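Quick one: sequence and predicted model below, then my questions.
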Protein chains: 12
Amino acid sequence: MDNVFKLIEIVGTSEESYEKAIKNALDKASKTIKEISWFEVIQQRGTILNNGNIQYQVVVKIGFKLIV
Amino acid sequence: MDNVFKLIEIVGTSEESYEKAIKNALDKASKTIKEISWFEVIQQRGTILNNGNIQYQVVVKIGFKLIV
Amino acid sequence: MDNVFKLIEIVGTSEESYEKAIKNALDKASKTIKEISWFEVIQQRGTILNNGNIQYQVVVKIGFKLIV
Amino acid sequence: MDNVFKLIEIVGTSEESYEKAIKNALDKASKTIKEISWFEVIQQRGTILNNGNIQYQVVVKIGFKLIV
Amino acid sequence: MDNVFKLIEIVGTSEESYEKAIKNALDKASKTIKEISWFEVIQQRGTILNNGNIQYQVVVKIGFKLIV
Amino acid sequence: MDNVFKLIEIVGTSEESYEKAIKNALDKASKTIKEISWFEVIQQRGTILNNGNIQYQVVVKIGFKLIV
Amino acid sequence: MDNVFKLIEIVGTSEESYEKAIKNALDKASKTIKEISWFEVIQQRGTILNNGNIQYQVVVKIGFKLIV
Amino acid sequence: MDNVFKLIEIVGTSEESYEKAIKNALDKASKTIKEISWFEVIQQRGTILNNGNIQYQVVVKIGFKLIV
Amino acid sequence: MDNVFKLIEIVGTSEESYEKAIKNALDKASKTIKEISWFEVIQQRGTILNNGNIQYQVVVKIGFKLIV
Amino acid sequence: MDNVFKLIEIVGTSEESYEKAIKNALDKASKTIKEISWFEVIQQRGTILNNGNIQYQVVVKIGFKLIV
Amino acid sequence: MDNVFKLIEIVGTSEESYEKAIKNALDKASKTIKEISWFEVIQQRGTILNNGNIQYQVVVKIGFKLIV
Amino acid sequence: MDNVFKLIEIVGTSEESYEKAIKNALDKASKTIKEISWFEVIQQRGTILNNGNIQYQVVVKIGFKLIV
């Protein structure tokens, strides 16, 4: 049987690192998606928060198997 | 708490302008999405309708906060 | 009335050809989408399976009308 | 019968808007092309004219059916 | 003598495969162009026809020698 | 004498249209730059303001002659 | 142990199809590479041969595990 | 009156330099085009000829005013 | 009042991480810029220093409000 | 004497961070390459391993001097 | 100490060659910048002057160390 | 028999011109490669040397037939 996957784009944020921002995106996505197969980093942005910290923002494209 | 967002791509159309086509895309999207945070114009296309009018077509990537 | 469309990204796979991989992606997508209007090939990848066959993998962006 | 189309690139200009610049490009192109099927906006540029007005410049790729 | 070439963009379509869509584009182009030197695939798109078949659409950039 | 130009990137915003957002960017830039030669639209984004209006955001790359 | 891979670019050709051109590229590459993990299609080009046949040319980026 | 321009792609070649290859492309194009307004370098390629010389190949996009 | 922003490109370096290289770029930029609104990561490069350490280099595009 | 360099693409992986994945790629590459001059990050991807950890995958293009 | 650099975009022009256009851009830039570290060619364009000569236009991104 | 080619990336440098930098890259490459079929210019960069001269740097992708 030939597998079929869906790709969605999620933006994760973190004041710690891009790796933590990715983890936040994957954690949130995994609440509605059974099994994440892979992800790609699409864009890295950020801002400076009022407390002076940097907020890292990462756009990840997440691939997961379609069951239906 | 670190916010997480989702990005979706919507194509709006209008015989008036690209701004109206964007508004049509955002209006339709806002029927199922609570709070649109931002959008990016990805592509601008169009066609000439049978009535001779130009139909403007715009692909917008829309970002909104994931609540879950 | 100005139509509005949504774009989603699906990855189809096939041991036969990219055309068959696209068909698999469209077939699976059409189970939850009423009417597919068009698609674009975004990326073509692949791997060599344990049986020595090539698995063709294609990312297609699928456009369909939003009814709501 | 499988249709075949040709794509050409036209630059339209206008002191009014990008939509008017597109219309100017399509109008000029339609003098030698029977039936324009679609167009894509490739680039948006501009300049400030001596009268202080902004001139909007738009590169459109125009698709039309080849009859031969 | 240094050769000079021209590039044109043609869209071929086929219900069979992208290779057949390319062939259709080249066949049509060769009716007005003496000698096609090379081509590049620029974009692959498609649609589902009313008969349920997939129509493959391919944009090819065709290079040929300018004689003048 | 061979002219030399500098390119800078400015983001203009407007609740009216992208053309007005470009005008706002050019107006502000022209306060410190003598003579703007041309501009290119680099990116078009936007957001929905608290008053429900769309804010159009445009990144323009502005070219002007270096006098020194 | 964290795996490390190398990527190389190979151009395969075929008078039959892009799938066959990919197979030719992979077959040749596998003579010096133990285990191909995946490939990406980078570019699709072609030419018309003296016998009137189309020659399909495909650039594939091939990934394989570095043993050292 | 708003001017309208057309863009065409020409490939020039030279054993001397890319500047000479551009000149060859412009010279040939100017035989059928009245007034070339500007050009952009799209791609630079080349090959090694049988005489051991390098042949520089340049793709230029040429813009000229449409009179009609 | 419609806000206007300027974008500048800064390259930060660090022997620790890309996040630290971004912080170095933002810290230096903030010495002459009042209020940084956002940044985008444009490119990530690096080198190996004489002491054997990796130097991470990051190009960030920084956006800030124009006051004038 | 004018130096000449070669560029190769290596994929490093790590369960810790992208910086560690880059280091793994450089370490492996340095076993066969005398002197790495610089590297560029080409792509950042990843997967979720069976142990629930994220595996960071980074494609780096590595430049080094050709001695011959 | 971790160095920080700034990138600016300058357009140089010349009736001789792209190399001379780059030199003109660097010469002008060096009047206000102490020490240019590197440059990248971003775009190559041109026009035909009234005297029939080709004017080569080159966009260079110039990197230099920020002292502050 | 269907030919197969390999693509490698080489960086050539020269204080004279980009054409000379390309020649240096091809000369060095031809010491280990029998027959170079074609090349593409991927990137043009440079630096200012201590002697005040400009060093032109060019990344070329070189294609050659695989014999095996």
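Yes, it's here.

Output the below-cut-off pLDDT ranges for chain A.
Along chain A, segments meeting pLDDT under 70 span A:68.

who in it is up against chain J?
A:17, A:18, A:19, A:22, A:23, A:26, A:36, A:37, A:38, A:39, A:40, A:41 (CB under 8 Å from any CB of the partner chain). From N, CA and C alone the C-beta is placed, and that goes for glycine too.

Was I right to think the fourth one contacts residue J:46?
Yes - in this structure, residue A:22 sits in contact with residue J:46. The criterion is CB atoms under 8 Å, and the distance is 7.1 Å.

Find residues that contact each of the two.
Residues touching both residue A:22 and residue J:46 by CB atoms under 8 Å, 6 or more residues apart in numbering or on different chains: A:39, A:41, J:54.

which residues touch the spatially most central residue of chain A?
The residue lying closest to the centre of chain A (CA atoms, centre = their mean) is residue A:25, at 3.4 Å. Residues near residue A:25 by CB under 8 Å, 6+ apart: A:10, A:11, A:12, A:39, A:58, A:60, A:62, B:4.

Let me know whether my guess that it is in a strand holds.
No - counting by DSSP: H, G, I helix; E, B strand; the rest coil, residue A:25 is not part of a strand but helix.

Identify the residue nearest it in space, chain neighbours excluded?
residue A:12 (2.9 Å; CB to CB, 6 or more residues apart in numbering or on different chains).

wait, what's in contact with the one you found?
So residue A:12 contacts A:21, A:22, A:23, A:24, A:25, A:26, A:28, A:57, A:58, A:60, B:2, B:4 (CB under 8 Å, 6+ apart).

that older thread, between the residues of chain A next to chain J, identify the one with the most neighbours.
residue A:39 (28 neighbours; other CB atoms under 10 Å in any protein chain shown).

hang on, isn't that one packed against residue A:22?
Yes - judged on CB under 8 Å, residue A:39 makes contact with residue A:22 at a distance of 7.2 Å.

which residues in chain A form helices?
Ranges of helices in chain A, per DSSP state H, are A:18-29.

near chain I at all, stretch A:56-65?
Yes - legend: contact between stretch A:56-65 and chain I by CB under 8 Å from any CB is shown at residue A:56.

right, is that stretch up against chain F?
No - residues of stretch A:56-65 contacting chain F under CB under 8 Å from any CB: none, with a closest distance of 13.6 Å.

Show me which positions of that stretch end up buried.
A:56, A:57, A:58, A:59, A:60, A:61, A:62, A:63, A:64 (16 or more other CB atoms under 10 Å in any protein chain shown).

Let's have the residues you listed in JSON lines, adding distance to residue D:32.
Listed next are those as JSON lines, based on distance: CB to CB, whole Å:
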{"residue": "A:56", "distance to residue D:32": "53"}
{"residue": "A:57", "distance to residue D:32": "49"}
{"residue": "A:58", "distance to residue D:32": "49"}
{"residue": "A:59", "distance to residue D:32": "43"}
{"residue": "A:60", "distance to residue D:32": "47"}
{"residue": "A:61", "distance to residue D:32": "43"}
{"residue": "A:62", "distance to residue D:32": "48"}
{"residue": "A:63", "distance to residue D:32": "46"}
{"residue": "A:64", "distance to residue D:32": "50"}
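
Next step: these restricted to strands.
A:56, A:57, A:58, A:59, A:60, A:61, A:62, A:63, A:64 (DSSP state E).

how many neighbours does the nearest residue to the second one once chain neighbours are set aside have?
When you say that, I think you mean residue A:57. Closest residue to residue A:57 in three dimensions, ignoring its sequence neighbours and counting by CB to CB, 6+ apart: residue A:45, at 4.5 Å. Look at residue A:45: counted by other CB under 10 Å, it has 19 neighbours.
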